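*Asks:* Sequence and predicted structure are below.
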Amino acid sequence: MRVALALAGLALGLTGVIGYFAVVLGVPALVPFVRNHAAPNWVLVAAGLVLSVAAARRAAPGRKAVSRILLGANLGLAALFAVLLYVFLAVPGADGPAVGRPAPAFSLLDQAGKTVELADFRGSPVVLVFYRGHW
Amino acid sequence: MVVDPVATNAELARTAGLEFPILSDPDLHIIDAYGLRHVAAHDGEDIALSATVLIDAEGVVRWTSVTRNVRVRPTPDEVLAAIDAHAGGVG
């Protein structure tokens, strides 16, 4: 039973981690919230860790090894998730253009090959989004 | 705005059904003017940092969001709220 509890904990952790990337890649309507915060995923990972710890603590003396190995795997999974989200995907910061100053002018080609200038939009607000690209 | 060439952006706009202008800045001239170059970020090549810049009707920068993590971007609601708060609203 303790092993089943530990396995359930690991399964929850895996669901949280794999679920993050499944949602980000596969369910666009949910993407902004889950992608930015990963909160539902961390709840699953945390719940999985609670189960794993409970299983390791309750295992009978002499039969703790499997539960401890599964707890270790779950801890490793949580650490990997944290590194992926907060270290691997981090980028250097930048100030960007100064707020309150005129936006730098541009004249660039759009996807139809048509020249688009910032001045074309004078009189209405413009949302300029910079993408990483290489789609 | 993106470093990708026009042809790539045309294909993306077609497959994703995007109707807003996607501007090509392959030499990063404008990306540099906005201070948003990310050096050696993609297979050693420079690209733009993910960022959103709100410019008001007079051409003045009113709000910016520059990501420090590629998975974190402003949500559509946050951008709309910024337009309401800083650029006189949509339309």
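*Replies:* Yep, that arrived.
*Asks:* any residues touching stretch A:114-129, and which ones?
*Replies:* Under the contact criterion CB atoms under 8 Å, 6 or more residues apart in numbering or on different chains, stretch A:114-129 has outside partners A:103-110, B:1, B:21, B:23, B:34, B:51-59, B:62, B:79, B:83, B:87-88, B:90-91. Every residue, glycine included, has its C-beta placed from N, CA and C.
*Asks:* Would you mind listing which of these are buried?
*Replies:* Among the contacts of stretch A:114-129, those buried by neighbour count (16 or more other CB atoms under 10 Å in any protein chain shown) are A:103-104, A:106, A:108-110, B:1, B:21, B:23, B:34, B:51-56, B:59, B:62, B:79, B:83, B:87.
*Asks:* Which of the residues you listed fall in helices?
*Replies:* Assigned to helices by DSSP state H, the following of those qualify: B:79, B:83.
*Asks:* from the buried ones among the contacts of stretch A:114-129, which ones fall inside strands?
*Replies:* Cross-referencing those with the strands (criterion: DSSP state E) gives A:108-109, B:51-55, B:62 as the overlap.
*Asks:* could you dump these to a markdown table with distance to A:Thr15?
*Replies:* Rendered in a markdown table, the data for these read as follows (distance: CB to CB, whole Å):
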| residue | distance to A:Thr15 |
| --- | --- |
| A:Leu108 | 44 |
| A:Leu109 | 45 |
| B:Ala51 | 33 |
| B:Thr52 | 32 |
| B:Val53 | 38 |
| B:Leu54 | 38 |
| B:Ile55 | 43 |
| B:Arg62 | 42 |
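*Asks:* Which pair of those residues spans the longest distance?
*Replies:* Of all pairs drawn from these, the widest gap by CB to CB lies between A:Leu109 and B:Arg62 and measures 25.9 Å.
*Asks:* where in chain B is pLDDT low?
*Replies:* Scanning chain B for pLDDT under 70 picks out B:89-91.
*Asks:* at 90 instead, please
*Replies:* Applying pLDDT under 90 to the predicted model, the residue ranges of chain B that meet it are B:41-44, B:70-71, B:75-77, B:86-91.
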